[in-house]
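Student: I'd like to go over a predicted model; first the sequence, then the structure.
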Amino acid sequence: MPKYLLNRWHGLHIYWLQVVILLLSVALFFFDWMLGAAGLVTGGVLAYYTLAAERTFRKGLNEYVATLSHRIKKAGNEVFNEMPIGIVLYDEEKTIEWHNGFVAEMLDRESVIGEHLHQVLPGLKGKDEKESKLELAVGKKIFQVQVKAEHRLLYFQDVTAFSALSKKHEEERISTGIVMLDNLDEATQGMDDQSRSVMLAKVTSELTGWAQKNGVYIRRTASDRFLIFMTNKSLRQLEQSRFEILDDVRDLTIEHKLPLTLSIGIGAGVDSLIELGQLAQTSLDMALGRGGDQAAVKVGQRLSFYGGRSNAVEKRTRVRARVISHALRDLIRDSDKVIIMGHRIPDMDSIGAAIGVLKAVQVSQKEGYIVLEGINPSIQKLMEAIKEDEKLYRWFITPEQAMQITTPRSLAVVVDTHKASMVAEPKLLQLTHRIMVIDHHRRSEEFLSEAILVYMEPYASSTCELVTELLQYFHERLSMDVLEATALLAGIVVDTKSFALRTGARTFEAASFLRRSGADSALIQRMLKEDLEQYIRKAEIIKHAEMLYGHIAVATTTPGRKYSQLLIAQVADTLINMTDIMASFVISERTDGLIGISARSLGQINVQVIMERLGGGGHLTNAATQLEGTVEQALAKLKRVLKEMDEEEGLFE
């Protein structure tokens, strides 16, 4: 017990003893005054002793308090200067007013008092205006900074070890993927067993070498399929190399009439092995849906594509078309009615495909309706011909009418698009879960995943070609009216530029079937005629075209002048047919106020990837996008994307 407390304890006991003696002395005065006087003397002595003890207590208390205050102050100084947390105080002008020793050691300087905060720690610029927590690199170390903007105070904590551990954990997380040979059956068709085995051995050896080089575990699961595992670190290396194995395998088999191509789907960013497998399969489906010869990487919500330089390979087997046709027939028969929709402002391919599906519905003796939202100028003449045919035109309805008659048992068939946001009436898809998609575009991230039947073949020239194939297997004695067959053939003619682009053997087979069914090619030519004024407007736009990278033509229209999307696309088609032009881009303000970009190529440059970076999409040789802003801003964005792609892959050398 401290001495001053001991004195205090004794003083209290003597005080109470003095009170007792005083009371006894008063009592003794009544019996004997001498005894009373002796008691008073004794009480006086005790009183003096009590006062002395009190003085001693107060003196000891003051000494103890002074000592304790000194110790607390000393400990506080040591805490501020020696604890593993940095503290910085600054004024309203961001001038450092005070910091502790940790900050001096962190910056390897004796003092930074009086210097501007952003000059000493430039990484804080723009991040210290509100309460927040952030990480800041200072030299080779990482610090977590807690900003107390209201008090103009910063706390620094060294998290270098934790950051390194977190980075190591992230790098060592497992990713999984599936590698598939897109066209093994087509490429090896006609080969003998020995030649087929030799080619497969070469491809397998190339894949194995690629896997070992990049730290990837690869295991063959089928003749055309491989399962791969890797860490996130290895995945980043593959993404940085932009999956060069795609080009290596294609170049390795280029000597064959039809080179082999790969499709790769990779899933990452989750801990569950089941989810990883699902992400990998989804990514592979996405790569195949976009035509193959590319890698799709899905990391959480991020989806990235690599490759896709070659065009989709035409499948030579009709088994899939027959199976889909029979499945569609069963769906139609099991539905009370069928609602057919294309994209908004439909083109010739969309209307032609819708008419073809309507024919299948009528053959099944069910009610079918085509939802029409807006009329593209390119189909004006076709719609005039349809209006003259009462038997056909009566099945065209507005989105409002479709909403009133659609039931949960209705079948919604979406043609020429696979995006819910682009259909004539997106709300219709919420009224029924029976949805089918027929499309020839490369699959994008936005997809009608709830569709129960999907027929997407990016190798096809048009949706009309796909619908025509389905009709051939739909009914043995299917007969078509002249206008129905003509509408389907017109869709093929427009999308292939009169059989000049994206045309395979099955395209001509579909066209032959339609001609036998009564399609009128002369009527198609009359529908596609353009007037002299339109031709002059196209020439005005072409006159202002400029060349980039030697083989890319970019044409922009005069600011303030608006053109239809059809005219913009026609100008791009005209430019791509000129000498030495590998890709063409036409930028113009549209009639709806948006800026439209139409892109075309002959296959050497993937314009779909370029348009996707600008928020659009399409095909390898035919793509587009719509932007807000001005023509000049759209041109600047396009040039920036072209520059980035040239630096990444050297596409335009």
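Tutor: Yes, it's here. Remember, it's a predicted structure, so these values are computed and weren't measured experimentally.
Student: Around T557, count how many other residues there are.
Tutor: 22 (other C-beta atoms under 10 Å). (Glycine included, C-beta is placed from N, CA and C.)
Student: Surely it and A545 touch.
Tutor: No. T557 is not in contact with A545 according to C-beta atoms under 8 Å; the separation is 10.8 Å.
Student: where do the helices sit along the stretch 101-250 of the chain?
Tutor: 101-107, 117-120, 160-171, 184-187, 193-213, 232-240, 245-252 (DSSP state H, counting those that start in this stretch).
Student: among these, which is nearest E275?
Tutor: Each of the helices of the stretch 101-250 of the chain has some distance to E275 by C-beta to C-beta; the shortest is helix 232-240, at 15.0 Å.
Student: I'd like to check the angle between the closest one and helix 245-252, please.
Tutor: 50 degrees (axes from the mean of the first three to the mean of the last three C-alpha atoms, to 10 degrees).
Student: hey, C-alpha coordinates of helix 232-240 in CSV?
Tutor: Output of helix 232-240 as CSV, limited to C-alpha atoms (Å, rounded to 0.1, in the frame of the first residue of the first chain):
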residue,chain,number,x,y,z
ASN,A,232,-5.8,-17.6,-61.7
LYS,A,233,-2.2,-16.6,-62.3
SER,A,234,-1.9,-19.0,-65.2
LEU,A,235,-5.3,-17.8,-66.5
ARG,A,236,-4.0,-14.2,-66.5
GLN,A,237,-1.0,-15.3,-68.6
LEU,A,238,-3.3,-16.9,-71.1
GLU,A,239,-5.4,-13.8,-71.3
GLN,A,240,-2.3,-11.6,-71.8
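Student: Quick check: L528 touching K497?
Tutor: No. L528 lies out of contact with K497 (C-beta under 8 Å); the separation is 10.6 Å.
Student: got any residues that touch both of the two?
Tutor: Shared contacts of L528 and K497 (C-beta atoms under 8 Å, 6 or more residues apart in numbering): none.
Student: And the pLDDT for T407?
Tutor: On pLDDT, T407 comes in at 92.
Student: actually R58, not the one I typed
Tutor: At R58, pLDDT is 66.
Student: K298 too?
Tutor: At K298, pLDDT is 90.
Student: and it, that's in a helix?
Tutor: No. Counting by DSSP: H, G, I helix; E, B strand; the rest coil, K298 is not found in a helix; it is strand.
Student: so what's it up against?
Tutor: By C-beta under 8 Å, 6+ apart, the neighbours of K298 are G265, I266, G267, A268, G269, L279, A280, T282, S283, M286.
Student: so which of those would you say is closest to D108?
Tutor: G269 (37.9 Å).
Student: Number of residues surrounding the closest one?
Tutor: Counted with other C-beta under 10 Å, G269 comes out at 18.
Student: Could you do the one 5 residues further on as well?
Tutor: Neighbour count of I274, defined by other C-beta under 10 Å: 8.
Student: Just say helix, strand or coil for it.
Tutor: Three-state call for I274 (three-state DSSP): helix.
Student: ok, it to H169 distance?
Tutor: Taking C-beta to C-beta, to the nearest Å as the measure, I274 falls 21 Å from H169.
Student: where are the low-confidence patches of the protein?
Tutor: Applying pLDDT under 70 to the chain picks out residues 1-55, 57-83, 256-257, 289, 308-317, 649-653.
Student: Please flag which of the contacts of K298 sit within helices.
Tutor: L279, A280, T282, S283, M286 (DSSP state H).
Student: now those residues as CSV including neighbour count?
Tutor: Conversion of the ones in helices among the contacts of K298 to CSV gives the following (neighbours: other C-beta atoms under 10 Å):
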residue, neighbour count
L279, 26
A280, 24
T282, 17
S283, 26
M286, 22
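Student: What residues of the one helix or strand F585 maps to count as buried?
Tutor: F585 is part of strand 583-590 when elements are defined by DSSP states H and E. By neighbour count with 16 or more other C-beta atoms under 10 Å, strand 583-590 contains the buried residues A583, S584, F585, V586, I587, S588, E589.
Student: Just the closest of those to K127, please.
Tutor: I587 (37.4 Å).
Student: shouldn't the closest one be in contact with A599?
Tutor: No. If you go by C-beta under 8 Å, I587 and A599 don't touch, sitting 9.9 Å apart.
Student: And stretch 414-432, what's buried?
Tutor: Quick answer for stretch 414-432 (16+ other C-beta under 10 Å): 414-420, 422-425, 428-429, 431-432.
Student: Extract the CA atoms of that stretch and return them as PDB.
Tutor: The C-alpha trace of stretch 414-432 is given here as PDB (Å, rounded to 0.1, in the frame of the first residue of the first chain):
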ATOM      1  CA  VAL A 414     -38.300 -15.200 -81.300                       C
ATOM      2  CA  VAL A 415     -36.600 -14.900 -84.700                       C
ATOM      3  CA  ASP A 416     -33.500 -13.100 -85.900                       C
ATOM      4  CA  THR A 417     -32.500 -12.000 -82.400                       C
ATOM      5  CA  HIS A 418     -31.700 -13.600 -79.100                       C
ATOM      6  CA  LYS A 419     -31.800 -10.500 -76.900                       C
ATOM      7  CA  ALA A 420     -34.900  -9.800 -74.900                       C
ATOM      8  CA  SER A 421     -34.300  -6.100 -75.100                       C
ATOM      9  CA  MET A 422     -34.500  -6.100 -78.900                       C
ATOM     10  CA  VAL A 423     -37.700  -8.000 -79.500                       C
ATOM     11  CA  ALA A 424     -40.800  -6.200 -80.600                       C
ATOM     12  CA  GLU A 425     -42.400  -6.500 -77.200                       C
ATOM     13  CA  PRO A 426     -40.200  -7.700 -74.300                       C
ATOM     14  CA  LYS A 427     -43.200  -7.800 -71.900                       C
ATOM     15  CA  LEU A 428     -44.700 -10.700 -73.900                       C
ATOM     16  CA  LEU A 429     -41.900 -12.900 -72.800                       C
ATOM     17  CA  GLN A 430     -43.000 -12.500 -69.200                       C
ATOM     18  CA  LEU A 431     -46.500 -13.800 -69.900                       C
ATOM     19  CA  THR A 432     -45.300 -17.300 -70.900                       C
END
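Student: From the centroid of this structure, which residue is nearest?
Tutor: In the chain, the centroid-proximal residue (C-alpha atoms, centre = their mean) is R302; its distance is 3.9 Å.
Student: Let me see the contact set for the nearest residue to that one once chain neighbours are set aside.
Tutor: Spatial nearest neighbour of R302, chain neighbours left out: G269 (7.7 Å); criterion: C-beta to C-beta, 6 or more residues apart in numbering. Going by C-beta under 8 Å, 6+ apart, G269 touches R173, L279, K298, V299, G300, R302.
Student: hmm, try it at 10 Å
Tutor: 170, 173, 175, 232, 235, 275-276, 279, 297-302 (C-beta atoms under 10 Å, 6 or more residues apart in numbering).
Student: just I595 next, same as before
Tutor: I595 touches 556-557, 568, 587-589, 625-635, 637, counting by C-beta under 10 Å, 6+ apart.
Student: who does whichever strand or helix holds R600 pair up with?
Tutor: Following DSSP H and E, one finds R600 within strand 595-601. Paired neighbours of strand 595-601 in the sheet (DSSP bridges): strand 583-590 (antiparallel), strand 622-627 (antiparallel).
Student: Quick one: neighbours of S111, just the number.
Tutor: S111: 13 neighbours (other C-beta under 10 Å).
Student: Hmm, it is touching V88, no?
Tutor: No. With contacts counted by C-beta atoms under 10 Å, S111 stays clear of V88, the gap being 11.7 Å.
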